[in-house]
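[1] Fold the following, please.
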Amino acid sequence: MTTGSVSMRAALAPVSALLIGVGLLYLGFGLQSTLVPLRADVEGFNRLSIGLLGSTYYAGFVAGCLFAPFVILRAGHIRAFAAMVSLVSAAALAFPLIIGEIEWIIFRFAIGFCISGILVIVESWLNEKATNVTRGVVMSTYVIITYVTITIGQLIITTMPVTNFALFSFCSIMLSLAAVPVALTRASQPVAIPVVRFRPHLLFSVAPAAFAGTFTSGVMTGSLFSLGAIYAVDVGFTKNEAAIFVSAAMVGGALGQYPFGRVSDFVDRRIVILVAVVATAAASFLLTFSDFMPAPLILVLGLVVGFTMLPIYSLAAAHAFDWTEPDNMVETSSALILLYGIGSTVGPLLSAFAMDIFGPGGLFLVMAIAAIGLAVFIMVRVLTRERPDEEMRSDFDIFSTAPVGGALTPEPIPEDDPLLETPFFAPNPGETLPDEEASAETGDGDQTLEDAISEGDRRTHPLQKADADADSAENAKG
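    Residues are numbered from 1 along each chain as shown. This next block holds a predicted model:
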């Protein structure tokens with residue numbers, strides 16, 4: 001198979017070690033994400049405590065959006081990746097060793113923080129190694145690996161009882177192995193990630209529908225994957241069947257990405273979001289009456305909810321990018337990730353309260369209300385604002401709406417700060433810089449990619465600043 005003039009093998013070769021690491025990471029993470037709430041149920045945690053476990057994971061994720069990139073700036077991609085994977089692996093073994101609500105909340109927060117940092121590392125690395133020709137196949141492969149391995153990880157729970165220590169051990173092994181291909185790769189790591197300001201009010205002023213869609217998507221998705229397995233157990237499923245229920249929602253989400261995204265290329269994306277949230281509200285409302293449904297129908301409805309709900313984030317991101325200037329893409333993407341994380345922190349808490357009051361159907365009651373609220377907001381926006389002009393719109397690609405991280409900061413970073421200086425972006429391999437830019441750097445128009453990266457590294461890393469200053473002084477004398 002070829003992509004443009006490049007084969008798929010050639011496109012994936014530069015990032016093969018990273019993709020293998022991602023697969024192992026999400027295999028362990030998928031297992032852990034469903035195993036922890038099911039084991040908490042066995043240990044007698046109440047529904048509010050289990051919901052809090054989900055919320056604290058996403059709270060850690062939000063904290064990671066704000067602070068983990070600065071760890072990467074200081075330690076570098078490879079060392080930061082290895083450190084964060086090691087912490088997640090250690091936490092996986094700590095769960096069965098220390099049974100307690102407070103301890104598990106701490107573990108979940110740490111996992112969320114590290115997973116957020118890992119996502120920034122992986123996605124910034126993939127984007128830098130991909131060219132304009134290969135970026136589609138690279139990022140699409142990454143998204144497919146994510147869905148497939150998380151689903152497989154969830155289904156591993158069906159192989160043995162959730163009280164078995166071996167499940168946590170397997171999870172830790174997969175997470176630990178994820179660091180091996182990345183640590184041993186011979187590929188050069190990317191230069192420092194960009195530093196951007198977190199200004200959600202700008203996103204709301206530019207694309208309110210994207211702002212609301214991202215936040216509400218987080219509320220619904222965080223609720224489902226934090227408490228979906230508990231809902232299934234409460235309505236009479238076994239632990240194994242509960243894992244299958246959550247996996248069905250994940251499979252539905254994978255299947256729904258392309259058709260919803262493709263349709264949004266031809267009609268107003270807000271209309272597509274409206275259809276998706278109305279369908280999500282309908283399926284969620286039906287699941288609130290699960291006492292009157294056979295198990296196979298509940299599984300089918302779980303798949304339908306995943307099919308209609310999970311693409312909402314991608315559609316909202318695509319709508320935001322339609323209105324975003326190229327120079328602000330990273331800031332917009334980072335704001336979307338953070339809004340999604342905040343919504344995912346709120347959702348499990350609301351759903352846990354609802355489950356305490358209304359029973360297991362309270363989970364999907366919250367999701368239905370959230371979807372209806374978003375549908376009303378989107379409808380108002382469609383009636384009051386035209387869709388963007390065709391020249392502003394780009395074709396939907398799931399890879400282009402995947403999170404692409406940057407370091408977030410509430411205040412602008414001083415340009416003379418040597419540690420947080422944004423990296424120098426060079427053209428694709430084989431290309432040369434424009435004459436005027438090349439002249440400013442080297443005095444001629446023949447600077448290559450390797451020269452540009454070398455020069456960019458000297459400007460980015462403070463430990464080499466002295467060497468750069470000395471070179472500049474010597475050039476001035478010459």
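[2] what about residue 79, neighbour count?
    Residue 79 has 14 neighbours, counted by other CB atoms under 10 Å. For glycine as for every other residue, the C-beta is placed from the backbone atoms N, C-alpha and C.
[3] Ranking helices and strands of the protein by mean pLDDT, which lands last?
    helix 449-460 (a mean of 38; mean pLDDT, DSSP states H and E).
[4] give me every residue that touches residue 17.
    Applying CB atoms under 8 Å, 6 or more residues apart in numbering to residue 17 gives the contacts 181-182, 184-185, 187.
[5] Check residue 280 too.
    If you count contacts by CB under 8 Å, 6+ apart, residue 280 has them with 220, 305, 308-309, 312, 367-368, 371.
[6] for residue 350, same thing?
    219, 223, 366.
[7] Could you do residue 221 as well?
    Residue 221 is in contact with 309-310, 313, 340, 344, 347, counting by CB under 8 Å, 6+ apart.
[8] Name the nearest of these relative to residue 215.
    Checking those against residue 215 by CB to CB gives residue 340 as the nearest, at 7.2 Å.
[9] so where is the stretch 101-250 of the chain shaky, pLDDT-wise?
    Of all residues in the stretch 101-250 of the chain, those with pLDDT under 70 make up the ranges 132-133, 135-136, 187-198.
[10] any chance you could map the strands in it?
    195-197 (DSSP state E, counting those that start in this stretch).
[11] picking up where we left off before, which single one of the contacts of residue 17 is nearest to residue 13?
    residue 187 (9.5 Å).
[12] Can you tell me, leaving aside adjacent residues, what's nearest to residue 211?
    residue 204 (4.4 Å; CB to CB, 6 or more residues apart in numbering).
[13] out of the contacts of residue 17, who's nearest residue 288?
    For these, the nearest to residue 288 is residue 182 (43.4 Å; CB to CB).
[14] Looking at the contacts of residue 350, which are in helices?
    In helices, judged by DSSP state H, the following of the contacts of residue 350 are found: 219, 223, 366.
[15] what number of residues lie near the second one?
    It refers to residue 223. Here the count is done by other CB under 10 Å, and residue 223 has 32 residues near it.
[16] and the gap between it and residue 217?
    Between residue 223 and residue 217 the distance, using CB to CB, to the nearest Å, works out to 11 Å.
[17] Ok, the last one next?
    The gap separating residue 366 from residue 217 is 14 Å, by CB to CB.
[18] Please identify which of these two sits among more neighbours.
    Per other CB under 10 Å, whichever of residue 366 and residue 217 has more neighbours is residue 217, with 32 against 27.
[19] ok, now which ones touch the more buried one?
    Residue 217 makes contact with 309, 312-313, 316, 340, 343, according to CB under 8 Å, 6+ apart.
[20] Most neighbours of all the residues you listed, which one?
    Greatest neighbour count in the contacts of residue 217, by other CB under 10 Å, goes to residue 316: 30 neighbours.
[21] shouldn't it be in contact with residue 213?
    Yes. Contact criterion CB atoms under 8 Å: residue 316 and residue 213 qualify, at 3.2 Å.
[22] Common neighbours of those two, please.
    Residues touching both residue 316 and residue 213 (CB under 8 Å, 6+ apart) are residue 273.
[23] Buried by neighbour count, from the contacts of residue 17: which ones?
    Buried subset of the contacts of residue 17 (neighbour count, 16 or more other CB atoms under 10 Å): 181-182, 185.
[24] Output the residues you listed in a markdown table; the columns should cover distance to residue 114.
    Formatted as a markdown table, the buried ones among the contacts of residue 17 follow (distance: CB to CB, whole Å):
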| residue | distance to residue 114 |
| --- | --- |
| 181 | 18 |
| 182 | 14 |
| 185 | 20 |
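[25] so which of these comes closest to residue 295?
    Nearest to residue 295 among these, with distances taken as CB to CB, is residue 181, at 39.9 Å.
[26] Show the contacting residues for that closest one.
    Contacts for residue 181 (CB under 8 Å, 6+ apart) come out as 17-18, 20-21, 24.
[27] go on, residue 185?
    Residue 185 is in contact with 17-18, 78, counting by CB under 8 Å, 6+ apart.
[28] The same query, at a cut-off of 6 Å, please.
    Residues in contact with residue 185 (CB atoms under 6 Å, 6 or more residues apart in numbering) are residue 17.
[29] List the buried residues for stretch 168-176?
    Quick answer for stretch 168-176 (16+ other CB under 10 Å): 168, 170-176.
[30] swap that for stretch 260-272, please
    So stretch 260-272, judged by 16+ other CB under 10 Å, has buried residues 260-261, 263-264, 268-270, 272.
[31] Could you do stretch 314-331 as well?
    314-324, 328-331.
[32] How about stretch 65-75?
    Applying 16+ other CB under 10 Å to stretch 65-75 flags 65-66, 68-73 as buried.
[33] can I get those residues in TSV with pLDDT?
    Formatted as TSV, the buried residues of stretch 65-75 follow (pLDDT from 0 to 100):
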residue	pLDDT
65	82
66	81
68	78
69	77
70	81
71	82
72	79
73	79
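[34] Now render those residues as a markdown table, adding distance to residue 352.
    Listed next are these as a markdown table, based on distance: CB to CB, whole Å:
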| residue | distance to residue 352 |
| --- | --- |
| 65 | 23 |
| 66 | 25 |
| 68 | 27 |
| 69 | 30 |
| 70 | 32 |
| 71 | 31 |
| 72 | 33 |
| 73 | 36 |
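[35] which among these gets closest to residue 285?
    Nearest to residue 285 among the buried residues of stretch 65-75 is residue 65, at 32.2 Å by CB to CB.
[36] Kindly confirm my reading that the closest one is in a helix.
    Yes. The assignment for residue 65 by DSSP: H, G, I helix; E, B strand; the rest coil puts it in a helix.
[37] Now for residue 165, how many residues are close by?
    Using other CB under 10 Å, residue 165 has 12 other residues around it.
[38] how near is it to residue 84?
    Relative to residue 84, and taking CB to CB, residue 165 is found at 24 Å.
[39] now residue 348
    Going from residue 348 to residue 84 by CB to CB gives 23 Å.
[40] And for residue 16?
    Distance, residue 16 to residue 84, using CB to CB: 21 Å.
[41] Mind checking which of these two has more residues around it?
    It is residue 84, of residue 16 and residue 84, that has more neighbours when counted by other CB under 10 Å, with 27 against 14.
[42] how near is residue 41 to residue 341?
    In this view, residue 41 and residue 341 are 25 Å apart by CB to CB.
[43] Could you do residue 300 as well?
    30 Å.
[44] So if I had to pick from those two, which one is more boxed in?
    Between residue 300 and residue 341, residue 341 has the larger neighbour count (other CB under 10 Å), namely 27 against 15.
[45] Residue 58 against residue 341, yeah?
    Yes. If you go by CB atoms under 6 Å, residue 58 and residue 341 touch, sitting 5.4 Å apart.
[46] Can you give the domain ranges for the chain?
    What the record gives for the chain is the domain set 13-192, 194-414, 433-472, from automatic domain parsing.
[47] Looking at the contacts of residue 221, which two lie furthest apart in space?
    The span of the contacts of residue 221, defined through CB to CB, is set by 310 and 347 at 13.9 Å.
[48] Tell me which of those two has more neighbours.
    Taking neighbours as other CB under 10 Å, residue 310 and residue 347 compare with residue 347 leading, 31 against 26.
[49] residue ranges for the strands of the stretch 301-450 of the chain, please.
    Counting by DSSP E, counting those that start in this stretch, the strands of the stretch 301-450 of the chain are 407-409.
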